[in-house]
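K.L.:
quick one, structure for this:
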Amino acid sequence: METEIIEDIKPSHNNSDSVLFPKETKYFNIKNKQVRSQQFQKAKRELKKEKKEAKKARDREGLPKKIPHTIETLREKDVTTVTDLSLDENELIREDLEHDELSDYYKQSYEPKVLITYSDNPLRKTRIFGRELTRIIPNSVSLYRNRSGVKKIVKSAIKKDFTDILVINENRKEPDGLLVIHLPNGPTAYFKVSNVKITTELRKNHKDITAHRPEVILNNFSTRLGLTIGRMLGALFHYDPEFVGQRAVSFHNQRDYIFFRHYRYGFNDDGTKAKLKELGPRFTLKLRSLQKGTFDSKYGQYEWIIEGRRHSVETSRRKFNL
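P.N.:
Okay, the predicted model is just below:
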């Protein structure tokens, strides 16, 4: 039996016809560790140089650049992906968007008015984060909750003509959750918040942020769920930006993480190049649930929710929801 096992293990051959047994490396025969390391580093440098020369050769010949394989480029196509809303095949989606809860905003029938509030007894960074959002979102106010329940806040906000509510939750002295409620009929989205950097953590001078209404950039929300989330985030801002202020906010979706940035842009004298200056704050959102109607944790009907641990939810690392 042992003889049969040994006979099944056959050596492999490389291009130089030298035998490479399992677990044997190119520099395995060099006993001195320092010399072995030097030879390995030398080979790495030569390989890097060869790759650089090959790249220059491709550029000289005008060949297209190689696209690296990433999780994003290898993304599995979602059946609800919308490539172009103007296509005939997306007529039902267009009709759905024209009559959903956010359609009045995109018909510019009202101006957004946003209430920003917190969990009970918010600490310093959470309070600053909320106040900074009022500098970014036009026609928004920051108020303390005073131990009021979310349902009570919703009723009060509707009476005072607010169109949206943001509730900032915190954990371990850091903002860690964001509840976005569109009024008066929903929907309601809950996001996990991470990597929060307030303005003072990014730059020293934060007093030069003007009050002009910013432009809003929504990028890479490609599925049906992603369209809804993008429309919800866009509806927080005024639909008529003041371009003279040269301010822009972006929500960039990548692998279901939504990265928020706030910039001021400028152009050189001949207008051929643009420069970006990050103003802050900076944070990342991860969608946890989307609920029909306004917030109701007990009887609410969820359109989408993430449950359990990663291995029980996601069948593939290449499948994304937004």
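K.L.:
from here on, contacts and neighbour counts on C-alpha atoms
P.N.:
Fine.
K.L.:
the closest residue to Thr126 other than its chain neighbours in helix, strand or coil?
P.N.:
Excluding the flanking residues, the one nearest Thr126 by C-alpha to C-alpha, 6 or more residues apart in numbering is Pro175, at 5.4 Å. When classified by DSSP: H, G, I helix; E, B strand; the rest coil, Pro175 comes out as strand.
K.L.:
what's the answer for Arg264, then?
P.N.:
Arg264 ends up strand, using three-state DSSP.
K.L.:
and the closest residue to it other than its chain neighbours, what is it in contact with?
P.N.:
Among residues not flanking Arg264 along the chain, Arg247 sits closest, at 4.5 Å (C-alpha to C-alpha, 6+ apart). Residues near Arg247 by C-alpha atoms under 8 Å, 6 or more residues apart in numbering: His212, Arg213, Pro214, Glu215, His262, Tyr263, Arg264, Tyr265.
K.L.:
hmm, the last one is touching Gly271, no?
P.N.:
Pointing back at Tyr265 there. No: checked against C-alpha atoms under 8 Å, the pair Tyr265 and Gly271 is beyond contact range at 11.9 Å.
K.L.:
so which helix or strand takes in the residue nearest in space to the middle of the chain?
P.N.:
Centroid-nearest residue in the chain, with C-alpha atoms, centre = their mean: Ile258, separated by 1.8 Å. Secondary-structure assignment from DSSP states H and E places Ile258 in strand 257-267.
K.L.:
ok, Leu47 next?
P.N.:
Going by DSSP H and E, Leu47 is in helix 33-61.
K.L.:
output the next helix or strand after that helix as PDB - backbone C-alpha positions only.
P.N.:
Later in the chain than helix 33-61, the nearest helix or strand by DSSP H and E is helix 91-98. Output in PDB follows, covering the C-alpha atoms of helix 91-98 (Å, rounded to 0.1, in the frame of the first residue of the first chain):
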ATOM      1  CA  GLU A  91     -40.600  51.400 -18.600                       C
ATOM      2  CA  LEU A  92     -42.100  49.700 -15.600                       C
ATOM      3  CA  ILE A  93     -39.300  51.000 -13.300                       C
ATOM      4  CA  ARG A  94     -39.700  54.500 -14.700                       C
ATOM      5  CA  GLU A  95     -43.500  54.400 -13.900                       C
ATOM      6  CA  ASP A  96     -42.700  53.100 -10.500                       C
ATOM      7  CA  LEU A  97     -40.300  55.900  -9.700                       C
ATOM      8  CA  GLU A  98     -42.700  58.500 -11.000                       C
END
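K.L.:
quick check: pLDDT value at Leu123.
P.N.:
Confidence at Leu123, expressed as pLDDT, is 91.
K.L.:
can you start the count at 9 instead of 1 from here on
P.N.:
That works, and once the first residue is 9, the last one we named lands at Leu131.
K.L.:
what about it, how many residues close to it?
P.N.:
Other residues lying near Leu131 total 16 when counted by other C-alpha atoms under 10 Å.
K.L.:
in this structure it contacts Asn179, no?
P.N.:
No: contact criterion C-alpha under 8 Å: Leu131 and Asn179 do not qualify, at 9.7 Å.
K.L.:
so what pairs up with Thr125 in the strands?
P.N.:
Val175 (DSSP bridges).
K.L.:
how deep is it tucked in, by neighbour count?
P.N.:
Quick note: Thr125 (other C-alpha under 10 Å) scores 24 neighbours.
K.L.:
same question for Arg221.
P.N.:
By other C-alpha under 10 Å, neighbour count at Arg221 equals 23.
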